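Participant: have a look; sequence and predicted model below, questions after that.
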Amino acid sequence: MRDEALVERLIEIEHAYEETLETMADPEVLADRDRYTEVTKRHATLKQIVGVFTEYRAAARDAEEAAELSLIEDDAEMAAELKAMAEARGSAAEGLEQKLRVMLVPKDPNDDKDVIVEIRAAVGGDEAAIWAGDLFRMYQRYAENHGWSTEPINTSPSEPGGFKEITFSVKGSGAFSRFKFEAGPHRVQRVPKTESQGRVHTSIATVAVLPEADEVEVEVSENDLEIDVFRSSGPGGQSVNTTDSAVRITHKPTGLVVICQDEKSQLQNKVKALRVLRARLYQIEMDKQMSELAADRKAQVGSGERAEKIRTYNYRENRVTDHRIGLTIKRLPEILEGALDQFVDALTLDDEARRLSAG
C-alpha cells in the first residue's frame, strides 16, 4: 500500500460505515424519518468508498505477494508469470488508488439537489427565442433519459416560436450534479427558417442552473416581499386569463424579481415563484461562501454577447463544441435529442481533476 495517510483515512471511513449499519438498526432512528433518511444517504456514500477500498487492498496484497514469490521461485517460467501478475495487480491497485482519491475529494454539497433552470433568449432576436425553445426541449429529453421529471415554472413565449425566457424545474437524484455544467451562454450557428438568402446566423441563449433550496435552507420573511398580481399574458402580450392569477414577487432587500403566470391559480403561481426566489437567494449565499467559483448569478450567464459561449452548436458542420474542455462531437441531432452525457462525463472528469490538483 503506497500511501499510508490515504489508507488510514480509508480505515476511518470503514469504521464510519460500520457505525451507519448499527445506527440504521437503532429503533429510535427507525422511528425518525428524517434522521433515518440522512443516515441511509451517508451509508450509501460510504458503502461505495468501502467497496473500492476492499478491491484496492486485495489488488495491493496480491501484487505484493506475487512479487515476493517471484523472487524465491526456482522455476524461471513460473517466476516470470508471478512477476507479470505482480505488475498487473500493481497497476490495478494504482488505478483503484486514483479512483479512491477522486471519491475522497469533497463533493459539491448541492449535487443531490433538484434543479431550477432558467433559459433566456439573448443576442439574435426571434432566432434566439427559437433557440431557447430548442434548448428547453433538449433538456427535457436529457432529463427523461435519466428518469427525472421536468415541470415548467414560468414561460414567456415568443410569437415566432420558442421562448423569450423559460424557467423550469428538474426533479431527480443527482440532477444538479449533471445540470450544473450547462450554465452559461449557448451559441447556435444555423440558417434561420425565415432567412431567404440561406445565410448562417449566430444567436445566443443563456442558461442559469440553480440548486433548489427548501424552506429550512432559505427562510423568506413575508415582510421582505412585495407581491403584485396581474392577468397572465401570452405571445404578443395578449391576455390569456380573465382573472388576476399571475404573480410578481419582489424581494426588497436584494431587489430580485420573480414572475410566475403559468398556473390558473394565484396561489399556485405564488408557490412556484417562491421556489425560484429561494433558489436565487440560496445561490447568492453560496456565491458569497464560494467566491472563487462565482461572484454572482451573472458569472453563469455572462453578458450574452456573441463572443461569449460555453458551447457552440453548428448546424452546417453537424458539430457541437464545448469550449471549456475543447471537446467536439459531430452528432448534433442526437445531442439536441438529449444525448448530453458524453459532454457531461468529460466536464465531470475535468472538474474532478481540478479539485484534486487544488487539494
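Facilitator: Yes, it's here.
Participant: packing partners of the longest helix along the chain?
Facilitator: Criterion DSSP state H: the longest helix present in the chain is helix 33-72. Using 3 or more C-beta pairs under 8 Å, 6 or more residues apart in numbering; DSSP states H and E, the elements in contact with helix 33-72 are helix 4-24, helix 27-31, helix 76-104. To be clear about C-beta, it is placed using only N, CA and C from the backbone, and glycine gets the same treatment.
Participant: now the angle from that helix to helix 76-104?
Facilitator: Helix 33-72 and helix 76-104 are oriented at 160 degrees to each other (axes from the mean of the first three to the mean of the last three C-alpha atoms, to 10 degrees).
Participant: mind listing what's buried along helix 33-72?
Facilitator: 36, 39, 42-43, 45-46, 49-50, 52-53, 55-56, 59-60, 62-63, 66-67, 69-70 (16 or more other C-beta atoms under 10 Å).
Participant: how distant is it from the center of its chain?
Facilitator: Here helix 33-72 is found 27 Å from its chain centre; the criterion is C-alpha atoms, centre = their mean, to the nearest Å.
Participant: got the angle between that helix and helix 4-24?
Facilitator: 140 degrees.
Participant: quick check: the residue located most distally from the centre of the chain vs residue 325, distance?
Facilitator: In the chain, the greatest distance from the average C-alpha position (C-alpha atoms, centre = their mean) is reached by residue 74, at 56.5 Å. With distances taken as C-beta to C-beta, to the nearest Å, residue 74 is found 53 Å from residue 325.
Participant: cool, and residue 60?
Facilitator: Residue 60 is 32 Å from residue 325, by C-beta to C-beta.
Participant: related to what we said a few turns ago, tell me which of the helices and strands packed on helix 33-72 sits most buried.
Facilitator: helix 76-104 (a mean of 15; mean count of other C-beta atoms under 10 Å).
Participant: after that one, next one along is what?
Facilitator: strand 115-121 (DSSP states H and E).
Participant: and the helix or strand that comes right after that following strand, what does it pack against?
Facilitator: Next along the chain after strand 115-121, taking DSSP H and E as the criterion, comes helix 126-145. For helix 126-145, the packing partners by 3+ C-beta pairs under 8 Å, 6+ apart come out as strand 115-121, strand 149-157, strand 163-171, strand 184-190, strand 201-211, helix 332-336.
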